[in-house]
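Please find the sequence and the predicted model below.
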Amino acid sequence: MTTIVEINGLSKHYGNVKAVDNVSFKLEEGKIYGLLGRNGAGKTTIMHMLTAQIFKTSGELKVFGEEPIENEKVLNRICFIKESQKYPDAFRVKDVLNVCPLFFPNWDREFALALVEDFRLPLKRRMKKLSRGMLSAVGIVVGLASRAPLTIFDEPYLGLDAVSRNLFYDKLLEDYGEYPRTIVLSTHLIDEVSQLLEHVLVIDAGKLLLNEEAETLRGNASNIVGAAAQIEPFLSGKKVIHRAPFGGLLSATVLGRLSEQDRKRAAELGLEIGPVSLQQMVVHMTGSNGNYEEVAK
Ligand SMILES: Nc1ncnc2c1ncn2[C@@H]1O[C@H](COP(=O)(O)OP(=O)(O)OP(=O)(O)O)[C@@H](O)[C@H]1O
């Protein structure tokens, strides 16, 4: 499998703030990645370094095998869609579509026009007159029709309604099936995108907490509920990422697949076992009660 992005010990500091702190990971060709984490975790800073919008403080960063800064060969193959994209004042929707081929060699105008219809975008309206959701939709059209080998969406759907978000997910999957490329989705709507993601990266306070195939994660955590006295011995030796006591009961989230023997024992102890969604997992890992770092050691 071809590596598209390779970062090693990457850091970005702003004075005392370690926005990104010694992060290492690889992005492979033809996969959809989720870059997840709380506000201020460092996701945008990573994406800005990948797309050469800011300089790193230290570490190694290779995109398509090269440093991206002032590297047209690399930047030509990237499309970065961010929530706060600015457009020239006079630009209409159709002007945005007209300049795209200059930036994106794989631009598909017919696909873009079909998406404009799907999202009900007014081609002749000025960008500054669009609603917040419509602005997001333009970003999505550009991101999808660019067919860039590395396409990055940073919270692309501010203001987009549920119908349009679903349309985005459907079109993304459909087009990705036909034209596989590397896609990075950074979002807080984890439940909505969790079925789309093939690999998950979780960032917290500038550090990489999790770097795992989505398939491995699914079913790799369980919620266990039962009487505190019964559950504690069961939890012993397991990777507990969250504990929530209520009354005499305890609800605990455990990382790692439970064995048949575990399940039998849980049943004997009267413990209930339930699934954990990706969103719950991320919340537990990065929440104030999360003790993932402790178990990760
Ligand atoms: N130019 C800057 N100067 C100083 N601090 C900055 C700057 N840019 C980012 N930071 C800080 O770096 C940290 C990471 O910010 P970043 O925007 O990467 O987070 P994020 O994960 O994208 O958050 P969100 O989900 O809210 O968009 C934050 O503490 C932020 O305040």
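Ah, there it is.

gap between the nearest residue to residue 202 once chain neighbours are set aside and residue 204?
Nearest residue to residue 202, sequence neighbours excluded (CB to CB, 6 or more residues apart in numbering): residue 210, at 3.9 Å. C-beta here means a position set from N, CA and C on the backbone, and glycine is covered the same way. Distance, residue 210 to residue 204, by CB to CB, to the nearest Å: 9 Å.

can you check residue 143 too?
Remark: distance between residue 143 and residue 204 (CB to CB) = 26 Å.

more crowded one of the two?
Set side by side, residue 143 and residue 204 show more neighbours around residue 143, with 24 against 21, by other CB atoms under 10 Å.

Now the more buried one: which helix or strand?
Here residue 143, judged by DSSP states H and E, is contained in helix 132-145.

Could you check how far that helix is from the centre of its chain?
The chain centre lies 17 Å from the centre of helix 132-145; the measure is CA atoms, centre = their mean, to the nearest Å.

Same question for stretch 209-227.
Distance, stretch centre to chain centre, for stretch 209-227: 17 Å (CA atoms, centre = their mean).

cool, stretch 192-204 as well?
Put simply, stretch 192-204 sits 5 Å off its chain's centre (CA atoms, centre = their mean).

check contacts around residue 7.
Counting by CB atoms under 8 Å, 6 or more residues apart in numbering, residue 7 touches 23-26, 46, 49-50, 59-62.

wait, doesn't the residue nearest to residue 202 sit right on residue 285?
Yes - counting by CB atoms under 8 Å, residue 210 touches residue 285, with 6.6 Å between them.

Those two: who's more crowded?
residue 285 (25 against 19).

The helix or strand hosting the more buried one packs against which elements?
Per DSSP H and E: residue 285 is located in helix 278-286. Other helices and strands packing on helix 278-286, by 3 or more CB pairs under 8 Å, 6 or more residues apart in numbering; DSSP states H and E, are helix 190-193, strand 199-204, strand 207-213, helix 214-217, strand 221-227, strand 239-246, strand 249-255, helix 292-296.

switch to 7 Å and redo it
With contacts taken as 3 or more CB pairs under 7 Å, 6 or more residues apart in numbering; DSSP states H and E, helix 278-286 sits against helix 190-193, strand 199-204, strand 207-213, strand 239-246.

so for the last one, what's the average pLDDT?
Read it as strand 239-246. Mean pLDDT, strand 239-246: 89.

same deal with the shortest one?
In this model, helix 190-193 has a mean pLDDT of 90.

Going by neighbour count, list what's buried in that helix.
For helix 190-193, a neighbour-count test (16 or more other CB atoms under 10 Å) marks 190, 192-193 as buried.

Equivalent analysis for stretch 269-279, please.
Along stretch 269-279, these residues count as buried under the neighbour rule (16+ other CB under 10 Å): 271, 276, 278-279.

What of stretch 120-133?
Neighbour count says stretch 120-133 has 121, 127, 130 buried, by 16+ other CB under 10 Å.

Stretch 49-63 now?
Using 16+ other CB under 10 Å as the burial criterion, the residues of stretch 49-63 that qualify are 49-52, 56, 59, 61-63.

just stretch 18-34 next, same as before
The neighbour-count check on stretch 18-34 (16+ other CB under 10 Å) flags 18-21, 23, 25, 27, 31-34 as buried.

Which of those residues sits closest to the ligand?
residue 19 (3.1 Å; CB to the nearest ligand atom).

So what's the model's average confidence on the longest helix along the chain?
In the chain, assigned by DSSP state H, the helix with the most residues is helix 162-178. Averaging pLDDT along helix 162-178 yields 96.

I'd like the next helix or strand past that helix.
Next along the chain after helix 162-178, taking DSSP H and E as the criterion, comes strand 182-186.

hmm, who's touching that next one?
If you take CB atoms under 7 Å, 6 or more residues apart in numbering as the criterion, strand 182-186 is touched by 4, 27, 29-35, 43, 47, 149-155, 176, 193.

and with 6 Å instead?
4, 27, 29, 31-35, 43, 150-154, 193 (CB atoms under 6 Å, 6 or more residues apart in numbering).

No further questions, thank you.
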